[in-house]
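In: starting from these lines, generate the structure:
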Amino acid sequence: MRTATILVIWTVVCLPAVGADPETKTPPRSALFDGKSFAGWEGNLQTFRIQDGAIVGGQLDQPVPRNEYLCSVKVYRDFELRLKFRLRGENVNAGVQFRSERVPGTSEMIGYQADMGQHYWGCLYDERRHKLLAGPTKEEQDKLIRRNDWNDYVIRAEGRHVQLWLNGQQTVDYTEPDATIPQEGVFGLQIHQGAASEAWYKDITIQVLSEMAGDRAEMP
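Out: As a prediction, the model looks like this:
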């Protein structure tokens with residue numbers, strides 16, 4: 001009789017752990033762009049506009065005189081960012097800055113960039129530190145990219161581990177070896193200096209993997 005009682009108690013104690021809901025550990029995903037306003041973003045609004053539910057940098061009827069970025073107001077550390085983009089124009093180049101900051105007194109930014117355009121589709125670039133860190137070959141890029149159409153980009157940064165996916169295919173799996181490089185910052189949607197061109201961005205959502213308190217004004 002004592003043995004039977006012990007077995008019943010053991011079953012009752014163990015069942016809740018087996019039935020734990022794994023979904024409670026998944027951070028929620030939220031929109032960074034509402035499709036109609038620049039709320040939560042800052043930058044040169046003579047260069048950037050909202051059209052058809054997308055953020056558009058540059059114009060097809062005039063050259064881009066300098067690099068320009070539309071930046072998030074908030075600072076982020078660990079995250080998974082998803083968005084759609086398309087590029088229009090000849091020899092167009094653009095990218096999504098992350099864990100970045102503006103260079104004072106200029107229109108430039110410093111930090112990581114999920115690159116796009118020219119021969120950098122799906123590559124990880126280190127803006128202003130001028131390093132191509134990782135990415136697919138030109139032949140691989142040609143197979144992945146949807147030219148003149150919408151493309152899907154996923155940017156995941158957790159600790160010093162950075163991963164990129166372009167149209168569902170992983171293109172970068174990189175771990176930063178330099179402990180002096182900051183691992184937090186803002187996002188920046190780029191239109192690169194050059195010939196008349198446009199960079200379109202939409203459906204921008206984020207899953208925050210660890211919180212970074214404050215915004216740009218509070219960065220040390």
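In: can you check which strand is longest in this protein?
Out: strand 197-210 (DSSP state E).
In: buried set for that one?
Out: 197-204, 206, 208 (16 or more other Cβ atoms under 10 Å). C-beta: built from backbone N, CA, C; applies to glycine.
In: now that strand: mean pLDDT?
Out: In this model, strand 197-210 has a mean pLDDT of 97.
In: flag the shaky bits of this protein, pLDDT-wise.
Out: Scanning the chain for pLDDT under 70 picks out the ranges 1-24, 212-220.
In: now the helices for it?
Out: 2-18, 138-144 (DSSP state H).
In: got the buried residues for the last one?
Out: Neighbour counts over helix 138-144 (16+ other Cβ under 10 Å) mark 141, 144 as buried.
In: show residues contacting it.
Out: Contact with helix 138-144 is made by 119, 121-122, 136, 166-167, 169, 171, as judged by Cβ atoms under 8 Å, 6 or more residues apart in numbering.
In: pull the distance from it to the chain's centre.
Out: Put simply, helix 138-144 sits 21 Å off its chain's centre (Cα atoms, centre = their mean, to the nearest Å).
In: again, but for stretch 169-183
Out: Distance, centroid of stretch 169-183 to centroid of chain: 13 Å (Cα atoms, centre = their mean).
In: how about that stretch as CSV, C-alpha atoms only?
Out: Taking Å, rounded to 0.1, in the frame of the first residue of the first chain, the C-alpha atoms of stretch 169-183 are listed here in CSV:
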residue,chain,number,x,y,z
GLN,A,169,18.8,30.7,-48.3
GLN,A,170,21.5,31.3,-45.6
THR,A,171,24.3,33.5,-47.0
VAL,A,172,26.3,34.4,-43.9
ASP,A,173,27.2,32.7,-40.6
TYR,A,174,29.8,34.9,-39.0
THR,A,175,31.2,35.3,-35.4
GLU,A,176,32.9,38.6,-34.7
PRO,A,177,36.5,37.9,-33.3
ASP,A,178,37.1,41.6,-32.4
ALA,A,179,36.0,42.2,-28.8
THR,A,180,36.3,46.0,-29.3
ILE,A,181,33.5,46.3,-31.9
PRO,A,182,30.2,47.4,-30.3
GLN,A,183,27.4,44.8,-30.4
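In: show me what counts as buried in it.
Out: Those would be 171-172, 174, 176, 183, for stretch 169-183 by 16+ other Cβ under 10 Å.
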